[in-house]
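Peer 1: sequence and computational prediction follow.
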Number of protein chains: 2
Amino acid sequence: MKPVKVGICGLGTVGGGTFNVLERNAAEIARRAGRGIEVAQIAARRANPKCDTGDTPITADIFEVANNPEIDIVVELIGGYTLARELVLKALENGKHVVTANKALIAVHGNEIFAKAREKGVIVAFEASVAGGIPIIKAIREGLAGNQINWLAGIINGTGNFILTEMREKGRTFEDVLQEAQELGYAEADPTFDVEGIDAAHKLTILASIAFGVPLQFDKAYTEGISQLTTADVNYAEALGYRIKHLGVARSTASGIELRVHPTLIPADRLIANVNGVMNAVMVNGDAVGSTLYYGAGAGMEPTASAVVADLVDVARALTTDPNNRVPHLAFQPDSLSAHPILAIESCESAYYLRIQAKDHPGVLAQVATILSERGINIESIMQKEAEVQDGLVPVILVTHRVVEQRINDAIAALEALADVVGSVVRIRVEQLN
Amino acid sequence: MKPVKVGICGLGTVGGGTFNVLERNAAEIARRAGRGIEVAQIAARRANPKCDTGDTPITADIFEVANNPEIDIVVELIGGYTLARELVLKALENGKHVVTANKALIAVHGNEIFAKAREKGVIVAFEASVAGGIPIIKAIREGLAGNQINWLAGIINGTGNFILTEMREKGRTFEDVLQEAQELGYAEADPTFDVEGIDAAHKLTILASIAFGVPLQFDKAYTEGISQLTTADVNYAEALGYRIKHLGVARSTASGIELRVHPTLIPADRLIANVNGVMNAVMVNGDAVGSTLYYGAGAGMEPTASAVVADLVDVARALTTDPNNRVPHLAFQPDSLSAHPILAIESCESAYYLRIQAKDHPGVLAQVATILSERGINIESIMQKEAEVQDGLVPVILVTHRVVEQRINDAIAALEALADVVGSVVRIRVEQLN
């Protein structure tokens, strides 16, 4: 078979990595795909010093690639929402397949993009958009196709996990580690996307859609970052047998789908609680398979390129298939997507870690326990750190059983209204992830 | 599209699970596949009490299913080599696709079976043959298609991992735990396949072929079981910062491919060292993606069925594809398989844990160190357990750097020839799995 012609738009980290992997492993890839995968054109505003593009034609105009009649597959690696959306829609309009690593684009404009792709009988592949080199989209969409997925939970932002790992292992503060992460190039100058959970919410939105067969609904994802986490809470969690991870959690319940990104206490002996540094991992629980876990590098030049190239091989294989009998973009047939609603965070169910700064009086524990019990909230464990009394205040730390969030909100309001409680109650969600 | 018609041969644990999952998740599966997957016939010698087959036609003759003109896909779940091979070849001869969970069949007769499938333009899918519900074949064959795979290492026998976990956590002996595993139904009455590593070698053979693009060569796999492991070695390993796991390891080197199953010391902080009980996990290291890990239930009624059903969905999608542009059975195009040889164990390279019973004389350590150093073997750590002197013998435990196995064999022979060394030297391989 003749080689597949690819146009790469964007020659930054992932674009350069993709070019390099396609060059270095050209023979290996052709042995697998049964045909070569050749870069016919690159669109880039500047050269990438980590990537020797030789005599591959380069243009500064991404739309030249989308309009190039020689090209079968356009690889969108420019990032962002606006221009990337225009580029992808133009490529699809021209009947080209698209491979992208752009989680924001898919999470926000995916429904529109997939509709256009279907109309034109072409594929948009986006394995690289979630968890870098881990083939998590393929695992859920194809590998677990026999299951009703119950829930998934992932460490899907390496920057955040690096910060939490350093805070736990070295007792450093959030601000201190963030500054180092910026110096190391793990975190952007504006770290909001990473540390406030927006990047993770983009990825979670995609995973939830392919797990549960619902349209992409990024605007309904609940997002809470890690910038408010203190080393005190990291240490108390440890003492209770937990680790704190910034998780994306999606769960299918009878009343709707939970879609939430937040710091989470996980039992320390779970495999996912031991995923450290910039690494990513995603747990997926299905009704037949039980719990599974997928682990690897969630970002970086070549790990992400690994996913882009796997998509290119998949698309090369699908070129000769019936467009109506391919793996659907969102795992479920477009006419079979469900209207099961995304739940507001108040309707989500979780266990909770609460930390209360209380006046060191007898009877405070009884008041706390009464407020929780009146709201039907059971306590799994409670500790009052008498050794840590400061200015007459003692930290009271407790973990509840699972309960709907609205009730915890009520309880927290009642706790904060107590004369013996000072300041805000710290609340972190707890998941067992069995 | 009209439903795909499936015939299930064998209604034991996996057959019953497959029937149940197809029934229970019929709607979910059809929403994904775009068509129903219906069981049109079952071949079984007896009913499965865990599976209500309703009015599905049942025959006692598996070949009736292979010859049934209504059936598109034959699911081989009878196990064993001989009859299973005949059944699969007959089904292929009749132009039917085959899905199988039979690792022994694929590892031993796969080359013949795939050749027949190619001749007839049909697919043999075997995700369920390795690591139960973990989509590891799909991950390597498709998800990592852009990589040159450097190595893979897996805990791919749940029975063996259950035994090792109990030995470590509770200090029990191999024999004691094996007996319990047999009572729990984890281990067969004849446990040879599980504890001597034959089952793991079948699976490793399959994984190595799809990772490196070589024909299946089960007869060249090196296999060493766990029945000789003592709690003493488990404890010494722990003291050195390692855990012992029964690993299948496949590595691509310049001179050939290592293919070996044996007990292995792994640093205790590796994720895979913390995979316990009957769970399975496979690490795969690729040149672009780095190290990845896949974890889940490696056996059992519904986890294995999860993989069988995923294969059925894949085959249903491939029914309308060009047979020359499908995912090749062994990941690489059949005319692109490599003749890179499988290395004899003497030519494999590893680090080694050695335990020597030595007379408690001064100078023994020097003699040991000299023998190793004369053979160019570097020592990473050495400990002499003076507190454990018994009958004038002291255990000397050491871990070497990486070295080719032939040199360790020479060194062990020289050590055992020392007047101060009593009995055999215990040798366990060590892998860092970075």
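Peer 2: Thanks, I have it. Numbers count the residues shown, from 1 in each chain, chains lettered A, B, ... in the order given.

Peer 1: average pLDDT across the helix or strand hosting A:Leu265?
Peer 2: Element membership for A:Leu265, per DSSP states H and E: strand A:257-267. Averaged over strand A:257-267, pLDDT sits at 98.

Peer 1: same question for stretch A:357-366.
Peer 2: Confidence over stretch A:357-366 (mean pLDDT, whole number) is 91.

Peer 1: again with stretch A:15-23
Peer 2: pLDDT averaged over stretch A:15-23 gives 98.

Peer 1: and if you look at stretch A:124-132?
Peer 2: 97.

Peer 1: next, the distance between the ends of it.
Peer 2: 17 Å (CA to CA, to the nearest Å).

Peer 1: I'd say A:Ala107 and A:Ile210 touch.
Peer 2: No. The criterion here is CB atoms under 8 Å, and A:Ala107 misses it with A:Ile210 at 11.9 Å. Every residue, glycine included, has its C-beta placed from N, CA and C.

Peer 1: from the contact counts, what lies against the helix or strand just after the strand holding A:Leu265?
Peer 2: As assigned by DSSP H and E, the chain's next helix or strand after strand A:257-267 is strand A:279-286. Counting by 3 or more CB pairs under 8 Å, 6 or more residues apart in numbering or on different chains; DSSP states H and E, the packing neighbours recorded for strand A:279-286 are strand A:149-155, helix A:158-170, strand A:290-297.

Peer 1: dump the ones you listed to a markdown table, plus distance to chain B.
Peer 2: Output for the helices and strands packed on strand A:279-286, formatted as a markdown table (distance: least, CB to the nearest CB, whole Å):
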| stretch | distance to chain B |
| --- | --- |
| strand A:149-155 | 9 |
| helix A:158-170 | 12 |
| strand A:290-297 | 4 |
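
Peer 1: could you export those as CSV, including mean neighbour count?
Peer 2: Putting the helices and strands packed on strand A:279-286 into CSV (neighbours: other CB atoms under 10 Å in any protein chain shown) gives the following:
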stretch, mean neighbour count
strand A:149-155, 25
helix A:158-170, 22
strand A:290-297, 26
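
Peer 1: next, format those as TSV and append distance to B:Glu112 and mean pLDDT.
Peer 2: Shown next, in TSV, are the helices and strands packed on strand A:279-286 (distance: least, CB to CB, whole Å; pLDDT from 0 to 100):
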stretch	distance to B:Glu112	mean pLDDT
strand A:149-155	37	98
helix A:158-170	45	96
strand A:290-297	32	98
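
Peer 1: near chain B at all, stretch A:322-339?
Peer 2: Yes. Using CB under 8 Å from any CB of the partner chain, we find that stretch A:322-339 touches chain B at A:Asp322, A:Asn324, A:Asn325, A:Arg326, A:Val327, A:Pro328, A:Ala331, A:Phe332, A:Gln333, A:Ser336.

Peer 1: next up, the contacts around A:Gly146.
Peer 2: Contacts for A:Gly146 (CB atoms under 8 Å, 6 or more residues apart in numbering or on different chains) come out as A:286, A:288-289, B:21-22, B:25, B:29, B:305-310, B:312-313.

Peer 1: could you do A:Leu184 as well?
Peer 2: Going by CB under 8 Å, 6+ apart, the list of residues near A:Leu184 is empty.

Peer 1: can you list the domain ranges for chain A.
Peer 2: Using automatic domain parsing, the domain parsing of chain A gives A:4-133+A:301-336, A:138-297, A:349-430.
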